[in-house]
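1. Provided below for reference: sequence and predicted model.
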Amino acid sequence: MAKHIYGIDFGTSNIKIYNRSGEQLLNERNVIALKPGNQVFSFGDEAFEMYEKTPEDIQVSFPIRYGVIADMEHMEMLFEHFFDKVNLPRKRKSGDFYIAVPTDISEVEKRAFYDLVADSKIKVKDIAVVDKPIADAVGVGIDVDSPRGNMIVNIGADTTEISVTSLGGIVISKIIKLGGNKLDETICNVVRKKYNILIGMKTAEQVKTRLAHALLPKEEEEEDEFYERSWKVFGRNIITGLPANKQVSALLVSEAIHELLYTLVDAIRQLLERTPPELSADIIDTGIYLTGGSSMIPGLSQLITEATGLHVNLADSPDLSVIRGLMEIIHNPKLGGLLYTPRENDY
Ligand SMILES: Nc1ncnc2c1ncn2[C@@H]1O[C@H](COP(=O)(O)OP(=O)(O)OP(=O)(O)O)[C@@H](O)[C@H]1O
Ligand SMILES: [Mg+2]
């Protein structure tokens, strides 16, 4: 019988787990809701539904922050629950675990992912990690072992990881603390400042996915129908304290997030400037690969192209490209060389 192998991408907003045996792919919010005494009340998408709606005695926790484990105990509990979900009842199997980890973090932070799985209640055979940008590159169909240079930009929830890969390794990479969550926060702020209405992060995220555009209208297009689109948000008036609602326009939202998107574009330019010229030549030839859930903001590829002069390749289901890469590594033993064991922490 074939070995059981699982692939995991511990994202800040969404965890993705692949179970080779059942060909199962799980993609759920990486959230846990706890009752007093650390009892699990709900987890995943169901817990996210409750977020910002729970009574005081229910604690909602996001155990990954900025791509690293912020709460080991909660992440371990969550992992065990999600693991059960990708396995048939009573078919909980031991197996090998391949974990995608950010590159530009400390060895201790990398090792924490390994320890999390090793210390869980799940029976584990082997654990190996792969750098996220490498899995990402495999996931978008790049031949990572070739000597060609590639630039991958993964815009997630808490972080954006910008990397240049070649010959199966990472030549340079940078992780910046900017992603979808910052955009949601900015949308909350602008609605509060402009309309005195306090909205939740979940509402802000919905506003973003419905209305945000990375490009601002040209002057003659100010009245453009596209930017006049609006959506009604519900929240609380901060002066009266009463429930309130307001139509929020696409123009307001797009203007609010523009500066953050520009910061991101600037970071891409800086990394391009640090890229060795031979690899730059390849990147000019093939373009930049854009992945991660936040790359779905319409107009973002064009904004990057305008700022860098480079072509941008947008991945299909970009939030799943890292786990797609892990799936490929699991199914193709030739790619096994991309996996490694993080150094043990010496305390
Ligand atoms: N259609 C969309 N338009 C804009 N943003 C979107 C869209 N769909 C999802 N997102 C955003 O993508 C982010 C989630 O993407 P992803 O799953 O890649 O992040 P993650 O892996 O959990 O985070 P990280 O990589 O930072 O740890 C969220 O911030 C979400 O709001
Ligand atoms: Mg991610």
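-> Thanks, I have it. Ligands and ions are numbered 1, 2, ... in the order given.
2. Buried residues in stretch 120-140, which are they?
-> Buried residues in stretch 120-140, counted by 16 or more other C-beta atoms under 10 Å: 120, 122, 127-140. In this view, the C-beta of every residue, glycine as well, is placed from N, C-alpha and C.
3. and these, which of them are in strands?
-> Taking DSSP state E as the definition of strands, these contribute 127, 128, 129, 130, 131.
4. What distance do you get for the third one to residue 153?
-> Going from residue 129 to residue 153 by C-beta to C-beta, to the nearest Å gives 21 Å.
5. where does the stretch 151-300 of the chain have low pLDDT?
-> Within the stretch 151-300 of the chain, the stretches with pLDDT under 70 are 220-223.
6. what's the closest of the buried residues of stretch 120-140 to ligand 1?
-> residue 132 (7.7 Å; C-beta to the nearest ligand atom).
7. I'd say the closest one and residue 101 touch.
-> Yes - between residue 132 and residue 101 there is a contact under C-beta atoms under 8 Å: 6.3 Å.
8. Could you point out the longest helix of this protein?
-> When the chain is parsed with DSSP state H, its longest helix is helix 250-274.
9. so what does that one touch, helix or strand wise?
-> Under the contact criterion of 3 or more C-beta pairs under 8 Å, 6 or more residues apart in numbering; DSSP states H and E, helix 250-274 touches strand 150-155, strand 160-166, strand 169-176, helix 180-195, helix 201-211, helix 225-228, helix 300-308.
10. Determine which stretch of those is the most buried.
-> Sort the helices and strands packed on helix 250-274 by mean neighbour count, taking mean count of other C-beta atoms under 10 Å, and strand 150-155 sits at the top with a mean of 28.
11. what's in contact with that strand?
-> Outside of strand 150-155, the residues within contact range by C-beta atoms under 8 Å, 6 or more residues apart in numbering are 132-133, 136-137, 140, 142, 144, 160-166, 179-180, 264, 268, 271-272, 275, 282-283, 286, 288-295, 300, 304, 321-322.
12. orientation of it relative to strand 169-176 in degrees?
-> The directions of strand 150-155 and strand 169-176 differ by 30 degrees, with axes from the mean of the first three to the mean of the last three C-alpha atoms, to 10 degrees as the criterion.
13. quick one, strand 150-155 and helix 300-308 angle?
-> 130 degrees.
14. Model confidence for the closest residue to residue 135 other than its chain neighbours, exactly?
-> Nearest residue to residue 135, sequence neighbours excluded (C-beta to C-beta, 6 or more residues apart in numbering): residue 325, at 3.4 Å. Turning to residue 325, the model gives it a pLDDT of 98.
15. doesn't residue 325 fall inside a strand?
-> No - counting by DSSP: H, G, I helix; E, B strand; the rest coil, residue 325 is not part of a strand but helix.
16. Report how many residues lie close to it.
-> 29 (other C-beta atoms under 10 Å).
17. Where does residue 316 sit: helix, strand or coil?
-> Going by three-state DSSP: residue 316 is coil.
18. picking up where we left off before, would a markdown table of the ones in strands among the buried residues of stretch 120-140 with distance to residue 235 and pLDDT be doable?
-> Below are these laid out as a markdown table (distance: C-beta to C-beta, whole Å; pLDDT from 0 to 100):
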| residue | distance to residue 235 | pLDDT |
| --- | --- | --- |
| 127 | 44 | 97 |
| 128 | 46 | 97 |
| 129 | 41 | 97 |
| 130 | 42 | 98 |
| 131 | 40 | 97 |
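19. Near residue 259, how many other residues are there?
-> When neighbours are counted by other C-beta under 10 Å, residue 259 registers 10.
20. Quick check: the gap between it and ligand 1.
-> Counting by C-beta to the nearest ligand atom, to the nearest Å, the separation of residue 259 from ligand 1 is 17 Å.
21. Since that was my last question, I'll sign off now.
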